[in-house]
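fold the following, please.
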Amino acid sequence: MKKRELGNSGLFVSEIGLGCMSLPTDKNAAKNIVDAAIDQGISYFDTADLYDRGKNEEVVGYSLKGVRDQVILATKVGNKWNSDGSSWSWDSSKIYIKNQVKESLMRLQTDYIDLYQLHGGTMDDNLNEAIDAFEELKKEGLIRAYGISSIRPNVIKHFLENSHASSVMMQYSMLDRRPEEWFETISSYGASVVTRGSLAKGLLTDEAITRASASEGYGTYSKAELLEMLQQLQSDSIDLHSVATAFVLKNPQISSILAGASSVDQLNETIRAYKRTVSDERLLEVSHLLKQDVYNEHRD
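Take a look at the predicted model:
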């Protein structure tokens, strides 16, 4: 599997990364999927302290214990579970981030995190305080790089302008092209994009019509628009999963697609789609059928 640099960090990640949120909570079942991912060339694993109230970090740490030095391990911070575990609140303060990283390190069974990401944020937050925390953690050797997971352009811009961030995680797919407007800006700050949701909740797979029929639409696509577009794509006998993957990776500003998997079979389907060649001509044809939306909120 090909690798791309994460911004200007010097860290190279596989073009397909494993988004670990969907992993089973059973450690051995999770390890089977992680082992299969490694066998397929995946070297980038992303989790968060929020997922399963920290248990996701635990299963990821358990699964990677024997190969820690061979992978890029990413996690996120900023969401704090309340005492009874029924909900969470936002905390991007320096003291919280610097305390929480110790908890994540313990759950992940490692003494460093390759990529530590702010898991959200608004312009009402003291983002510079969070940036200071990340910079201090880098100097202390507890993290190697940091970034932000956000779809708010004004937050992303402020974070990049005031930091040495290496990455921005954004929802991006054929059905949600809003981030494209910001790719060049992100790249100009020495960062790159990591994508999530690139299969649009399964709408860009072999189950496209079934899922679209059961939906109320997606993004700015009404249900009728969505069905019409997907039916047109499938009538051209394209492998929608492969096209969706290639469409994202055609952008040089993108370092990796984070793909979730709750089973080895699901993982293998992702790898099969990644390996199938899709021509530039086909991608251009498809792009003409898609909306080119932009973010209407959270702008300067």
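
first-to-last residue distance for stretch 248-259?
In stretch 248-259, first residue to last residue: 12 Å (Cα to Cα, to the nearest Å).

how about residues contacting it?
Residues from elsewhere that reach stretch 248-259, judged by Cβ atoms under 8 Å, 6 or more residues apart in numbering: 4-7, 13-19, 44, 46, 167, 169, 172-174, 180, 183-184, 186-187, 192-196, 198-199, 245, 267, 270, 280, 283. Yep, even glycine has a C-beta here, placed from its N, CA and C like the rest.

so how far is the helix or strand bottoming out on mean pLDDT in the chain off the chain centroid?
None of the helices or strands of the chain scores lower by mean pLDDT, DSSP states H and E than strand 88-90, at a mean of 75. Relative to its parent chain, strand 88-90 has a centroid offset of 20 Å by Cα atoms, centre = their mean, to the nearest Å.

counting contacts, what elements does it pack onto?
When contacts are defined as 3 or more Cβ pairs under 8 Å, 6 or more residues apart in numbering; DSSP states H and E, strand 88-90 packs onto strand 79-81.

list the contacts for Q234?
208-209, 240.

if you set the cut-off to 10 Å instead, what comes out?
206, 208-209, 240 (Cβ atoms under 10 Å, 6 or more residues apart in numbering).

any idea which helix or strand carries it?
Using DSSP states H and E, Q234 falls within helix 223-235.

quick one, helices of this protein?
Ranges of helices within the chain are 27-39, 55-64, 94-108, 127-139, 153-161, 183-188, 208-213, 223-235, 240-249, 264-275, 280-287, based on DSSP state H.

out of those, flag the one nearest N296.
Checking the helices of the chain against N296 by Cβ to Cβ gives helix 153-161 as the closest, at 10.2 Å.

before we move on, the earlier item: tell me the mean pLDDT over the helix holding Q234?
For helix 223-235, the mean pLDDT works out to 91.

ok and it relative to helix 240-249, angle-wise?
Calculated by axes from the mean of the first three to the mean of the last three Cα atoms, to 10 degrees, helix 223-235 forms an angle of 100 degrees with helix 240-249.

number of residues surrounding the closest residue to E57 other than its chain neighbours?
Spatially, and ignoring its direct neighbours in sequence, E57 is nearest to R107 (3.9 Å; Cβ to Cβ, 6 or more residues apart in numbering). Applying other Cβ atoms under 10 Å, we find 20 residues neighbouring R107.

mind saving the C-alpha coords of stretch 214-230 as CSV?
The C-alpha trace of stretch 214-230 is given here as CSV (Å, rounded to 0.1, in the frame of the first residue of the first chain):
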residue,chain,number,x,y,z
ALA,A,214,-34.1,4.0,3.4
SER,A,215,-32.7,7.5,3.9
GLU,A,216,-34.1,11.0,3.9
GLY,A,217,-31.4,12.1,1.6
TYR,A,218,-27.8,13.1,2.4
GLY,A,219,-26.3,16.5,2.9
THR,A,220,-27.8,18.9,0.3
TYR,A,221,-29.1,15.9,-1.8
SER,A,222,-32.8,15.3,-1.3
LYS,A,223,-33.8,11.6,-1.3
ALA,A,224,-35.0,11.9,-4.9
GLU,A,225,-31.8,13.6,-6.0
LEU,A,226,-29.7,11.1,-4.3
LEU,A,227,-31.5,8.1,-5.8
GLU,A,228,-31.4,9.6,-9.3
MET,A,229,-27.7,10.3,-9.1
LEU,A,230,-26.8,6.9,-7.6
